[in-house]
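>>> give me coordinates for this.
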Amino acid sequence: MVWVKRILMLALVALLIIQFIPVEKNEGGYESLDNFLQETKPSEEVAGILKSSCYDCHSNQTQYPWYSNLAPASFFLADHIEEGKEYLNFANWESYSAKRKDHKLDELIEEVEHGEMPLESYTLIHADAKLSAEQTEALINWAKAARLIYSKALQPQ
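As a prediction, this is how the structure comes out:
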């Protein structure tokens, strides 16, 4: 019983100490998405879907929940966002080549069609991010139309 108390006390002290380890927040602002929005021209509906279901992990602007200030949740969220931005960061859209933009939109279509995005772990906490059949269709149709911009640029002249 003494060992259990010691272990619990040590765990509590460790939990308190890690609260002081800072985690960098992903709060660059929505203006970093201007290039992406101007090029791909999503409708208001699709822009709303992107904001509620994609931007938290795939842009430089995250709307953080209350528990994001508590470790170890803060570490998990920071890692999750960093990983999401490695795959696709809408804020870096202007730095992508036409071929890469086309590929990213193709991946977006595939992930959404197969129900892989948004992640289930994200939609459990962010119910508004869960896509309805109509939202899924609107997002896919927009991405397919946006791909035409880049596929035309890739065709030999």
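
>>> could you list the residues in contact with the helix ranked longest in the chain?
Counting residues, the longest helix found in the chain (DSSP state H) is helix 133-154. Outside helix 133-154, the residues that touch it by C-beta atoms under 8 Å, 6 or more residues apart in numbering are 39-43, 45-46, 49-50, 53, 98-99, 101-102, 105-106, 108-109, 112-113, 131. Just so you know, the C-beta spots here come from the backbone N, C-alpha and C atoms, and that holds for glycine as well.

>>> could I get the average pLDDT for it?
The average pLDDT within helix 133-154 is 90.

>>> likewise for stretch 27-45?
Mean pLDDT, stretch 27-45: 86.

>>> only the buried residues of that stretch, if you could.
In terms of neighbour count (16 or more other C-beta atoms under 10 Å), stretch 27-45 has its buried residues at 32-33, 35-36, 40, 42.

>>> can you check stretch 47-62 too?
47, 49-62.

>>> neighbouring contacts of that stretch?
Counting by C-beta under 8 Å, 6+ apart, residues outside stretch 47-62 touching it are 25-30, 32-33, 37, 42, 63, 80-81, 84-85, 87-91, 117-119, 122, 126, 128-131, 135, 138-139.
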